[in-house]
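Participant: My questions concern the predicted model and sequence given below.
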Amino acid sequence: MQDLLNFALTFSGIMPYVLVFVILLACGLGLPIPEDITLFVGGMLAYYGIVNVWAMVVVCMTGVLIGDSTIFLLGAKYGREITQKPFFSKILTPERLDGIKEKLHRNGNKVIFVSRFMPGLRAPTFFCAGTLHLPFDVFLFYDGLAALISVPGIVWVVYHFGHLADEVFTAISDVEHLIVFAIVAGIAFMIGKWYYHHKKSSQS
């Protein structure tokens, strides 16, 4: 997270918004960067005065919803084709898919809403929702409703309590430096010990 923040702080003008938007969009497509970390970075950029906090909230909401909608629409277009592949067809049989579809259509609003707060299940759930043809307007409404809670909440809280995050980052950096020093010192000690014994045995 610190590396991403340091990288984002090298930009100015519109570029920090573009960077956060692109990362959030990529997160929705499976980029292995937790969405919450990107939102955290967006809040820290606002805390440092690099961006406007409410403009960042709008950018984050847009990136999140477009990313979520994209994975949903990919499921709607390619999901059935993927489930017909030999490996997936054994796991997701037509009968099982029909059962899931019924439950999703009956409780889809709750499933979509809750999944937005569960990073590990978010993308797979949205993809399956598209595959099983949950109405897009239902998906977008409940996903957007959940995002209205999580996205502005994270950005705004980090913006207002960024000084605490700064202290945490400093503490983490100090610990990391100590760990690196300890590792280097340990390696140097082992090399010195090996060299001493090697030299001693060669003189014998």
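Facilitator: Right, received. Where do you want to start?
Participant: Okay, and G49 sits in which element?
Facilitator: Using DSSP states H and E, G49 is not contained in any helix or strand.
Participant: Distance of it relative to A123?
Facilitator: From G49 across to A123, the span is 33 Å (CB to CB, to the nearest Å). C-beta coordinates here come from the backbone N, C-alpha and C atoms, glycine included.
Participant: more neighbours, these two?
Facilitator: A123 (20 against 8; other CB atoms under 10 Å).
Participant: ok, the more buried one touching G28?
Facilitator: Yes: with contacts counted by CB atoms under 8 Å, A123 reaches G28, the gap being 7.0 Å.
Participant: what do those two both touch?
Facilitator: By CB atoms under 8 Å, 6 or more residues apart in numbering, A123 and G28 have these common neighbours: I71.
Participant: And the protein, what are its domain boundaries?
Facilitator: Segmentation of the chain into domains, based on automatic domain parsing, reads 2-160, 163-204.
Participant: and these, which one is worst for confidence?
Facilitator: Lowest mean pLDDT within these: domain 163-204, at a mean of 60.
Participant: residues contacting T70?
Facilitator: So T70 contacts 25, 28-29 (CB under 8 Å, 6+ apart).
Participant: ok, now how distant is it from G130?
Facilitator: Here T70 is placed at a distance of 10 Å from G130 (CB to CB).
Participant: who are the neighbours in contact with L121?
Facilitator: Counting by CB under 8 Å, 6+ apart, L121 has contacts S115.
Participant: For it, I want the exact helix or strand it lies within.
Facilitator: Per DSSP H and E: helix 119-131 holds L121.
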